[in-house]
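Asks: Structure, please.
(one chain, ligands or ions: 2)
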Amino acid sequence: MEETEEIDFEEILSELEILEEGDIKLHCFPLKKAKEKGTALKKSMPVFYNPVMIMNRDITLIAYKAFQQKFYPHQDHTFSITDSMAASGIRTLRLYKFLNEPFEIIANDLNPLALKLIKQNLELNGIQNALGENQFKKIILHNLEANFLCASNINSRNYQAIVDVDPFGTPNIFIEPALRSLGIPGLLGITATDTPVLFGIRRDACFRKYNIRPLRSTFLKEVGLRILLYFTAIRAHPHMDYIDPFLSFSSDHYIRVFVRINKGQIGVDQNYSNFGYMLWCPACDWRDTGNLDFRKISLKCPHCNAKINYGGPLWIGKLHNDEFLNECEEILETTEQKIIPTKKKLLKILKMMKEENDLPPGYYDLHKICDRETIPIARTSTIMEKIQEKGYKVSRTHIEPHGIKSNIDIVQLKEILSILSKNIPLN
Ligand SMILES: C[S@@+](CC[C@H](N)C(=O)[O-])C[C@H]1O[C@@H](n2cnc3c(N)ncnc32)[C@H](O)[C@@H]1O
Ligand SMILES: [Zn+2]
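Replies: Ligands and ions are numbered 1, 2, ... in the order given. Alright, predicted model coming up:
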């Protein structure tokens, strides 16, 4: 932060360029210039804006409106959202245009320059500063540390319907204050961009940051989501709060979970039945889940006898809430693409989420299996048909383009892949 304090704000603000995202105009620091500096965007931009995160924002808009319509359909109490790391204000602005009235958004960022930019962006979009320096109609600005802001909301009983956590890297330190500042019903939207940590590529860092053993496996992206969900749940439990994962999204460079937070001992106890370990055999790709009682877990693969690896504790329950996905789908279908630019892609993703939700943890990466078996790969749709013919459930997964989810075991899946591979003409 010291860096920005020494900066001449006016000179920096004069460099801004204007771009559009959805139905919003945005002043931002020239992306090209930031990229030319050769460092990560976040380091080279005085206030961060990443166009690649558009789908993160699109899905956020849909999820928050779905939550509003389901849990705050009446206008008798204010629907308040905290955008705790607002940067350029793009998320706040897009929500402002998209949500049903009445609502109130707190847009906050620790970087003082971000506040200046947010103000410019509100004005650019015709939102007037009518009520005071940091108070706009339906939007209040703060320049606070996110955890401090949440604590101050708790202190003043200003409980929020939704808190958005969108940091650089790990969200680990922001989760507990954010969930505590939620009212009931409350929703937490959390982004994590520290995917190498959550996916087990930086294994030691996962122990350090989450106190959880990751699992670098053929389904590591799903393990990342499950670690984040478990981590959120155990932050909630000391407050007798529990989690209900509403939508868990994995994209190229980040993961994002939308988690309903609710109160009560019964819910906390139920969360425990969704905690466990993921077990995986590196030799044959067999996988299973085990519950928290480690004495019952055998560390030998039931198929090939090799030593299995494991990750956890983590969330082994459902990744999404079916009803919530339906609500999101309805909203998305009736929203113009101009407002949600990734609409088409998101509709496909929601469809896959609905299908994958009933199937056991751990997707199969068909490419990886066939590569390892050194056999050509059949079309995914053909493989899925064969799995169904054998009486198993199967779906694609939004997490991995070459992935499927199924309750078939690895031995039978390999048999199917091997039989089908013999019918593929060689080029
Ligand atoms: C990834 S950016 C947020 C992007 C923004 N939500 C969007 O959709 O474009 C992270 C932001 O968090 C801010 N930040 C970092 N640490 C913070 C903290 N402890 N409290 C509040 N803001 C913080 C940074 O200044 C930066 O603007
Ligand atoms: Zn094995």
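Asks: which bits of the stretch 251-400 of the chain sit near ligand 2?
Replies: Residues of the stretch 251-400 of the chain lying close to ligand 2 by Cβ under 5 Å from the ion are 281, 283-284, 286, 301, 303-304, 306. Quick note: C-beta positions are derived from backbone N, CA and C, even for glycine.
Asks: Give me the below-cutoff pLDDT ranges for the stretch 251-400 of the chain.
Replies: Counting by pLDDT under 70, the stretch 251-400 of the chain shows no low-confidence range.
Asks: Can you show me the helices along it?
Replies: For the stretch 251-400 of the chain, applying DSSP state H, counting those that start in this stretch gives helices covering 265-272, 322-333, 343-356, 366-373, 380-389.
Asks: Export those helices to JSON lines and append columns for mean neighbour count and distance to residue 78.
Replies: Output for the helices of the stretch 251-400 of the chain, formatted as JSON lines (neighbours: other Cβ atoms under 10 Å; distance: least, Cβ to Cβ, whole Å):
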{"stretch": "helix 265-272", "mean neighbour count": "14", "distance to residue 78": "25"}
{"stretch": "helix 322-333", "mean neighbour count": "17", "distance to residue 78": "21"}
{"stretch": "helix 343-356", "mean neighbour count": "18", "distance to residue 78": "28"}
{"stretch": "helix 366-373", "mean neighbour count": "16", "distance to residue 78": "48"}
{"stretch": "helix 380-389", "mean neighbour count": "16", "distance to residue 78": "47"}
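Asks: Please report how far the most centrally placed residue in the chain lies from ligand 1.
Replies: Centroid-nearest residue in the chain: residue 256, 0.6 Å away (criterion: Cα atoms, centre = their mean). Computed as Cβ to the nearest ligand atom, to the nearest Å, the residue 256 to ligand 1 distance reads 11 Å.
Asks: mind listing what residue 399 touches?
Replies: Going by Cβ atoms under 8 Å, 6 or more residues apart in numbering, residue 399 touches 219, 221-222, 225, 250, 356, 363.
Asks: Closest one to ligand 2 out of those residues, please.
Replies: Distances from ligand 2 to the contacts of residue 399, taken as Cβ to the ion, are shortest for residue 219 (14.7 Å).
Asks: Go ahead and confirm the closest one touches residue 359.
Replies: No: checked against Cβ atoms under 8 Å, the pair residue 219 and residue 359 is beyond contact range at 11.8 Å.
Asks: Comparing these two, which residue is more hemmed in?
Replies: More crowded of residue 219 and residue 359, by other Cβ atoms under 10 Å: residue 219, with 25 against 19.
Asks: quick one: contacts for the more buried one?
Replies: Counting by Cβ under 8 Å, 6+ apart, residue 219 touches 278, 280, 287, 361-365, 399-400, 403.
Asks: Next, format these as JSON lines and append distance to ligand 1.
Replies: Shown next, in JSON lines, are those (distance: Cβ to the nearest ligand atom, whole Å):
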{"residue": "278", "distance to ligand 1": "29"}
{"residue": "280", "distance to ligand 1": "32"}
{"residue": "287", "distance to ligand 1": "33"}
{"residue": "361", "distance to ligand 1": "29"}
{"residue": "362", "distance to ligand 1": "30"}
{"residue": "363", "distance to ligand 1": "28"}
{"residue": "364", "distance to ligand 1": "33"}
{"residue": "365", "distance to ligand 1": "29"}
{"residue": "399", "distance to ligand 1": "22"}
{"residue": "400", "distance to ligand 1": "24"}
{"residue": "403", "distance to ligand 1": "27"}
